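Novice: I need the structure of the sequence given here:
(one chain, ligands or ions: 1)
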Amino acid sequence: MSQSGPAKPASARTSSALSGAVRIPGDKSVSHRALMLGGLASGETRISGLLEGDDIMATAAAMRAMGAGIRKSGEEWVVYGVGNGCLLEPEDTLDFGNAGTGVRLVMGLAGVYDMRTRFTGDASLLRRPMGRVLEPLRLMGVQVEAAEGDRLPLSLHGPRAANPVTYTLPVASAQVKSAVLLAGLNTPGVTTVVEPVATRDHTENMLRAFGAQIEIETDSSVARRIAIEGQRDLAGQTVTVPGDPSSAAFPIVAALITHGSDVTIENVMMNPARTGLITTLLEMGAVIDVTNERNEGGEDVADLRVRSSDLKGVVVPSDRAPSMIDEYPVLAVAASFAEGETVMEGIEELRVKESDRLAAMADGLEVNGVDCSAGHDWLKVRGHPGGKGLGAMTEEAVVETHLDHRIAMSFLVFGLAAEHGSRIDDASMIATSFPGFIDLMTGLGAGMEVSP
Ligand code: S3P
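Specialist: Model (predicted):
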């Protein structure tokens, strides 16, 4: 999986009104966790709505390599878990392709076992920092052999009995929090994670649903203190994966910026730890009706009716970053068509995503004629309502996506409202999180295509 195939250049052209109703694929965060906990718990787990993207299939392969049975049966995925504490030593290196969440969470899950587990990934993943997960694992007694700078490829070997730690997160990261909690599952005693800033809570919710002994406290000084008691039984469950709000973000912004659009996106997860983009777009003047609100499989979901809107620039405060961390690239696209300036603050974490997203956004906006400036942890975009003069179809104006699915989708959405459309160098990695993206968008009337 770490051998990437040939690049597939793609383009988007100025489009007339988008319309229709669509369902977007299942949530990536929940899908990873469902396969991991299903693969670990005793008995059968049935998952509906699983995201069938490359990132998730890499997690499925890793869990199979450690003993889980995973197969598709009709529309459902059925997982036979090994039982907590009973993962097997994988024979081969676990290859996570492009998936930072998959590799970091499985490092926690398997790293504390008294066995050798080797991890690798694609060119993007090899560049990403793993020290943030390795640091707590080392404290728990895990031996690490890693490439320079705590990067992949690396191998982990856990102690005979891991050390239960109390670990305060130095960065607001659900991946690091989750890695430590999953490591705690195979650690005697109580492992505690202190989270100064709240991040997505899917791991805690799902651990509880699978029967883990987990306690969550909040006080005035920290957002959450999460304690998990290790070496307890977990039992297989039925999991319903809701639609991914981070994928819904693309048709939402496309409808907002494409004149005359009226689009409904069904079954979108509305967990408050994930809805920062909706909050921001509403502040910008977006017309988004949240309808049919309900709870499915333990998560709030809703349908979103989105109509094209006259947006205005806003300041997005840094404390909103955790609830929209993956949505800044597409927010920058919305900001490109808004009146006035949009300022995004406290976003240095974007520099260590699938690409340096802050740089990739600024470069892509610039080649498409958008007036923007960037610092170490901020981005300012000055919008051009109507998209006059924006975009380009020339060779010089092809956006470099750096193996980053969200950069690729963002700049395809950009082209729908830009006077001259847009081009990207590669759309192949979109399948990591949003298989069928171009077909779904063209079904709504978007002029997007992969170059022949
Ligand atoms: C994720 C957490 C976030 C997010 C990623 C998915 C998760 O990463 O960017 O796409 O599923 O836990 P960080 O934990 O690095 O912020």
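
Novice: What is the distance between the helix or strand encompassing residue 407 and the centre of its chain?
Specialist: Per DSSP states H and E: residue 407 is located in helix 405-417. Relative to its chain's centre, helix 405-417 lies at 16 Å (Cα atoms, centre = their mean, to the nearest Å).

Novice: Does the ligand have contacts with that helix?
Specialist: No - using Cβ under 6 Å from any ligand atom, we find that helix 405-417 stays clear of the ligand, coming within 8.7 Å at best. In this view, the C-beta of every residue, glycine as well, is placed from N, C-alpha and C.

Novice: Can I get that helix in CSV? Just the C-alpha atoms.
Specialist: C-alpha atoms of helix 405-417 as CSV (Å, rounded to 0.1, in the frame of the first residue of the first chain):
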residue,chain,number,x,y,z
HIS,A,405,-7.0,14.2,-0.1
ARG,A,406,-8.4,17.3,1.6
ILE,A,407,-6.2,19.7,-0.5
ALA,A,408,-7.3,17.8,-3.6
MET,A,409,-11.1,18.0,-2.8
SER,A,410,-10.8,21.6,-1.7
PHE,A,411,-9.3,22.9,-4.9
LEU,A,412,-11.8,21.0,-7.0
VAL,A,413,-14.6,22.6,-5.1
PHE,A,414,-12.8,26.0,-5.6
GLY,A,415,-13.0,25.6,-9.4
LEU,A,416,-16.8,25.4,-9.4
ALA,A,417,-17.2,29.1,-8.5
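
Novice: Just checking: what are the partner strands of the helix or strand following that helix?
Specialist: Sequence order places strand 422-424 as the next helix or strand after helix 405-417, per DSSP H and E. As defined by DSSP bridges, the strand partners of strand 422-424 come to strand 10-13 (antiparallel), strand 398-399 (parallel).

Novice: Residues contacting strand 422-424, please?
Specialist: 9-12, 368, 391-393, 397-399, 401, 407-408, 411-412, 414-415 (Cβ atoms under 8 Å, 6 or more residues apart in numbering).

Novice: For that strand, the averaged confidence score.
Specialist: Mean pLDDT, strand 422-424: 98.

Novice: does the residue located most distally from the centre of the chain count as helix, strand or coil?
Specialist: Note on the chain: the largest C-alpha distance from the chain mean falls to residue 160, namely 33.2 Å (Cα atoms, centre = their mean). With DSSP: H, G, I helix; E, B strand; the rest coil as the basis, residue 160 sits in coil.

Novice: Okay, it and residue 142: tell me how far apart.
Specialist: Counting by Cβ to Cβ, to the nearest Å, the gap from residue 160 to residue 142 is 12 Å.

Novice: and what of residue 213?
Specialist: 22 Å.

Novice: Who has more neighbours out of those two?
Specialist: The residue with more neighbours, out of residue 213 and residue 142, is residue 142; 24 against 14, by other Cβ atoms under 10 Å.

Novice: For the more buried one, give me its contacts.
Specialist: Going by Cβ under 8 Å, 6+ apart, residue 142 touches 111, 112, 134, 156, 157, 158, 159, 162, 183.

Novice: Give me the pLDDT for the second one.
Specialist: In the predicted model, residue 112 carries a pLDDT score of 98.

Novice: Verify the stated contact: it with residue 188.
Specialist: No - contact status for residue 112 versus residue 188: not in contact, 10.4 Å apart, counting by Cβ atoms under 8 Å.

Novice: which one of those two has more residues nearby?
Specialist: residue 112 (28 against 13).

Novice: Now do the same for residue 182: helix, strand or coil?
Specialist: The three-state assignment at residue 182 reads helix, by three-state DSSP.

Novice: That one contacts residue 203, correct?
Specialist: Yes - assessed by Cβ under 8 Å, residue 182 is found in contact with residue 203 at 7.2 Å.

Novice: and residue 307, backbone torsions?
Specialist: phi -120, psi 150 (degrees, to the nearest 10).

Novice: Distance of it relative to the ligand?
Specialist: Distance, residue 307 to the ligand, by Cβ to the nearest ligand atom, to the nearest Å: 28 Å.

Novice: Looking at strand pairing, list the partners for that residue.
Specialist: According to DSSP bridges, beta-bridge pairing links residue 307 with residue 262, residue 287.

Novice: Residue 379 too?
Specialist: As for beta bridges, residue 379 partners with residue 344, residue 374 under DSSP bridges.

Novice: Against the ligand, how distant is it?
Specialist: From residue 379 across to the ligand, the span is 16 Å (Cβ to the nearest ligand atom).

Novice: Give me the neighbour count for that residue.
Specialist: Residues within reach of residue 379, counting by other Cβ under 10 Å, total 26.

Novice: In this structure it contacts residue 346, no?
Specialist: No - contact criterion Cβ under 8 Å: residue 379 and residue 346 do not qualify, at 10.8 Å.

Novice: circling back: wait, what's in contact with the residue farthest from the centre of the chain?
Specialist: By Cβ under 8 Å, 6+ apart, the residues touching residue 160 are residue 114.

Novice: Apply 10 Å and report the result again.
Specialist: 114, 141 (Cβ atoms under 10 Å, 6 or more residues apart in numbering).

Novice: hey, where'd the strands end up in the stretch 201-350 of the chain?
Specialist: Here the stretch 201-350 of the chain has its strands, by DSSP state E, counting those that start in this stretch, at 213-217, 224-229, 238-240, 262-269, 287-296, 299-307, 315-316, 341-345.

Novice: Excluding chain neighbours, what is closest to the residue in the stretch 351-452 of the chain that the ligand sits nearest to?
Specialist: At 6.2 Å from the ligand, residue 353 is the closest residue in the stretch 351-452 of the chain, using Cβ to the nearest ligand atom. In this structure, residue 353 finds its nearest non-sequential neighbour in residue 404, 7.0 Å apart by Cβ to Cβ, 6 or more residues apart in numbering.

Novice: With residue 293 as the reference, measure out to that neighbour.
Specialist: Residue 404 is 32 Å from residue 293, by Cβ to Cβ.

Novice: of these two, who's got more company?
Specialist: Shown here are residue 404 and residue 293; by other Cβ under 10 Å, residue 404 has more neighbours (24 against 10).

Novice: do you know how far that one is from residue 265?
Specialist: From residue 404 to residue 265 the distance is 22 Å (Cβ to Cβ).

Novice: Might you report the residue contacts of residue 242?
Specialist: 24, 26-27, 30, 49, 267-271, 274, 295-302.

Novice: And those, which of them are buried?
Specialist: For these, a burial check counting by 16 or more other Cβ atoms under 10 Å picks out 24, 26-27, 30, 49, 267-271, 274, 297-302.
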